[in-house]
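Novice: no letters, just coordinates:
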């Protein structure tokens, strides 16, 4: 079926000569054409998400895994926007061991983690995803960052645009709706999220993400908020009991197509083509997250056996430390003492044993203030970043 090009909205000429986009309300009209390709991809993504959710049933402490998966998604999503920060940078920041010159970029990732955790906590309390919740997440996102002066937590009150760095509005690739149209579109989107249209949650998440990026309601942080909404919608719908998915893995790998598909929705009404791309991304991101989980489980099993074989009946403190490493992969001798309750000399010996067993690696090269990394675990988590 050939759809009208203004299916997603239309451009409106401004008195200053440029054209802003006025999005139509969701769901799309004419309705989505769920053909064979879309239905097959939906089924594949459904199954992959189901397998990923099932992984939580076999994880020894799934909440520890979730913490690191959220951090990985935060890094990937921020990197799409040009933030130069790695997962290791984030962990060093949290351990207060980061080079201060790196801290501004890392703060953006840490703030993303705060924002998504706030959203997930609200959903656990049965709160609806709303403009108010999104604004609060945005306030977390821009707290104490270079974009923090850009009205964090508040909807924009000036016109923004999308284009190459440093371009003016006349050179923009896309100009989102002006203020009054933006407010109407955002309210419509809130109603769409709340209302049950009997759409599969994955389809709903894909539609919401695209629409949010088109509305672009903030001066800064729209991409990260929009990707965060995917996780929140899938969690709220019950698709994910825990947010082990990191959707930005696929978007980062296919950044140019990602932006092109979003723009094709606006220009040509190509919702179906966008959803093909989106569902394929959710399938691949879910599959990647499953592989990561399986690798971590295999690592855990093999290293637990090595610890038990080495220490026998004296392995209690070592196994407590080992469990905590999945939450905090960077440790010092002092933090080992806090985790295990051992004295400083005994904690130092335990760190040396973990180095011998190839579990920890000292990464500073110093004799004082040494930091140890859970090296093989970090290698797994860093895949794709």
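Specialist: Structure received. Quantities reported herein were computed from a predicted structural model and do not represent experimental measurements.
Novice: now do the helices in the stretch 151-300 of the chain.
Specialist: Applying DSSP state H, counting those that start in this stretch to the stretch 151-300 of the chain gives helices spanning 179-194, 201-215, 222-236, 248-253, 255-268, 271-311.
Novice: these: which one's closest to residue 11?
Specialist: helix 255-268 (8.6 Å; C-beta to C-beta). C-betas here are computed from N, CA, C, even on glycine.
Novice: could you pull out the buried residues of the closest one?
Specialist: Going by neighbour count (16 or more other C-beta atoms under 10 Å), the buried part of helix 255-268 is 258, 259, 261, 262, 263, 264, 265, 266.
Novice: quick check, nearest of those residues to residue 54?
Specialist: Residue 54 has its nearest neighbour among the buried residues of helix 255-268 in residue 258, at 28.0 Å by C-beta to C-beta.
Novice: with adjacent residues omitted, what lies nearest to the closest one?
Specialist: Excluding the flanking residues, the one nearest residue 258 by C-beta to C-beta, 6 or more residues apart in numbering is residue 251, at 4.8 Å.
Novice: what's the helix or strand containing residue 70 packed up against?
Specialist: Per DSSP states H and E: residue 70 is located in helix 62-80. Counting contacts by 3 or more C-beta pairs under 8 Å, 6 or more residues apart in numbering; DSSP states H and E, helix 62-80 is packed against helix 87-94, helix 103-124, helix 222-236, helix 248-253, helix 271-311.
Novice: okay, buried residues for it please.
Specialist: Buried residues in helix 62-80, counted by 16+ other C-beta under 10 Å: 62, 64-80.
Novice: I'd assumed residue 12 was in a strand, is it?
Specialist: Yes. When DSSP: H, G, I helix; E, B strand; the rest coil is applied, residue 12 is found to be in a strand.
Novice: is it true that it touches residue 18?
Specialist: No. Residue 12 is beyond contact range of residue 18, at 9.9 Å (criterion: C-beta atoms under 8 Å).
Novice: domain assignment for the protein?
Specialist: The record's domain split for the chain, according to automatic domain parsing, is 9-291, 315-379.
Novice: what's the span of the longest one from first residue to last?
Specialist: For domain 9-291, the first and last residues are 40 Å from each other (C-alpha to C-alpha, to the nearest Å).
Novice: distance from that domain to the middle of the chain?
Specialist: With C-alpha atoms, centre = their mean, to the nearest Å as the basis, domain 9-291 stands 8 Å off its chain's centre.
Novice: what average pLDDT does stretch 281-296 get?
Specialist: Here stretch 281-296 scores 92 as its mean pLDDT.
Novice: whoops, I mixed them up, stretch 121-135
Specialist: pLDDT averaged over stretch 121-135 gives 95.
Novice: how about stretch 214-221?
Specialist: 95.
Novice: sorry, back to before: from the helices and strands packed on helix 62-80, which stretch is densest packed?
Specialist: Of the helices and strands packed on helix 62-80, the one with the most neighbours on average (mean count of other C-beta atoms under 10 Å) is helix 222-236, at a mean of 24.
Novice: give the contact list for residue 190.
Specialist: Contact partners of residue 190, counting by C-beta atoms under 8 Å, 6 or more residues apart in numbering, are 129, 130, 131.
Novice: cutoff 7 Å now
Specialist: By C-beta atoms under 7 Å, 6 or more residues apart in numbering, residue 190 lies in contact with 130, 131.
Novice: can you tell me how far it sits from residue 125?
Specialist: 18 Å (C-beta to C-beta, to the nearest Å).
Novice: check which residues of stretch 377-385 are buried.
Specialist: 377, 378, 380, 381, 384, 385.
Novice: model confidence for the last one, exactly?
Specialist: Read it as residue 385. In this prediction, residue 385 carries a pLDDT score of 77.
Novice: begin at 13, not 1, for the rest of this chat.
Specialist: With 13 as the first residue, the last one maps to residue 397.
Novice: thought it was touching residue 88?
Specialist: Yes. Assessed by C-beta atoms under 7 Å, residue 397 is found in contact with residue 88 at 6.3 Å.
Novice: what's around residue 222, how many residues?
Specialist: A total of 22 residues lie near residue 222 under the criterion other C-beta atoms under 10 Å.
Novice: and the buried residues of helix 267-280, which is closest to residue 373?
Specialist: Looking across the buried residues of helix 267-280 and measuring by C-beta to C-beta, the closest to residue 373 is residue 270, at 35.5 Å.
Novice: against residue 30, how distant is the nearest residue to residue 29 once chain neighbours are set aside?
Specialist: Sequence neighbours aside, residue 182 is the residue nearest to residue 29 in space, at 7.6 Å (criterion: C-beta to C-beta, 6+ apart). Going from residue 182 to residue 30 by C-beta to C-beta gives 7 Å.
Novice: and these two? Which one has more around it.
Specialist: residue 30 (16 against 11).
Novice: for that one, give me phi and psi.
Specialist: phi -80, psi 170 (degrees, to the nearest 10).
Novice: where does pLDDT dip in this protein?
Specialist: Counting by pLDDT under 70, the chain shows low-confidence ranges at 13, 72, 76, 109-114, 157-162.
Novice: give me the three-state assignment for residue 346.
Specialist: helix.
Novice: residue 329 touches residue 349, doesn't it?
Specialist: No. Using C-beta under 7 Å, residue 329 is not in contact with residue 349, being 10.1 Å away.
Novice: residue 177: neighbouring residues, count only.
Specialist: Residue 177 has 5 neighbouring residues, counting by other C-beta under 10 Å.
Novice: quick one: contacts for it?
Specialist: Residue 177 is in contact with no residue at all, counting by C-beta under 7 Å, 6+ apart.
Novice: same question for residue 155.
Specialist: Applying C-beta under 7 Å, 6+ apart, the residues contacting residue 155 are 123, 164.
Novice: right, I'll call it a day here.
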